[in-house]
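Peer 1: Return a 3D structure for these sequence lines:
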Amino acid sequence: MKKKSYKIDPKYLKEFFSVLFGVMFALFIDTLWSDHEHQQLAEKASHDILTEIEENQIKIDSLIIDHQKTKELISEVLKELKEEKKDSVPKEKDVILSFRLIEDTAWETAKISGAVTYMELDQLSKFNGLYKMQMIHMHNMEKFMEHSFTGMQLLSQEEKLSQMSYFIQSAIATEQQLQERYKEILNDYKVSK
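Peer 2: Okay, here's the model as predicted:
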């Protein structure tokens, strides 16, 4: 049996390789454009997160000051209650805890949009650690508020103030850690306005 040999017209070969080259070039351009868009998305998300971190840092700075003043007031009132053997706090020394919502909108938006996929791993790791710490802080605040409305109703004024003092000390420690994390991240990734 004799094998048939096929002759391919060079004109068709040129046309085939032209189309192949055109498709490959189009895919290359599309990949470059997609990478560019993804990089822009990641840069915008990083900028928004850093701006949010700056705003949260301001909130935490003022919270630390408020909580330190409240802790001092509690210490003063506790001392007064023990010395004078009173059961209630004078109205002028009423203890009020202040709380502020720490934002995580930019971080959540970056996760939902997929921008975190295109961020540098080191930066992403730092952002993730910070936002987890914020989440823990907010969860602790929420739990204390819940406990204040339910578990502290039957306690004496002195016991309530002692628990508040312990909680505030714990909150201040977490807020100071957050403050350090904010400074570290903002120093590493300056926000350019």
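Peer 1: Touching, Ile168 and Leu97? I think so.
Peer 2: Yes - using Cβ atoms under 8 Å, Ile168 is in contact with Leu97, at 7.2 Å. (Each C-beta comes from the backbone N, C-alpha and C, glycine too.)
Peer 1: Neighbour count: these two, which is higher?
Peer 2: Ile168 (23 against 16; other Cβ atoms under 10 Å).
Peer 1: pLDDT weak spots in the chain?
Peer 2: Judged by pLDDT under 70, the chain has its weakly predicted residues at 1-2, 85-93, 191-193.
Peer 1: Going by length in residues, pull out the top helix of it.
Peer 2: Assignment by DSSP state H gives helix 10-84 as the longest helix of the chain.
Peer 1: if we can go back for a sec, now the common contact residues for Ile168 and Leu97.
Peer 2: Counting by Cβ atoms under 8 Å, 6 or more residues apart in numbering, the shared contacts of Ile168 and Leu97 are 67, 70.
Peer 1: Tell me how many other residues crowd Lys11.
Peer 2: Applying other Cβ under 10 Å, we find 8 other residues in the vicinity of Lys11.
Peer 1: Quickly note the distance from it to Leu178.
Peer 2: 71 Å (Cβ to Cβ, to the nearest Å).
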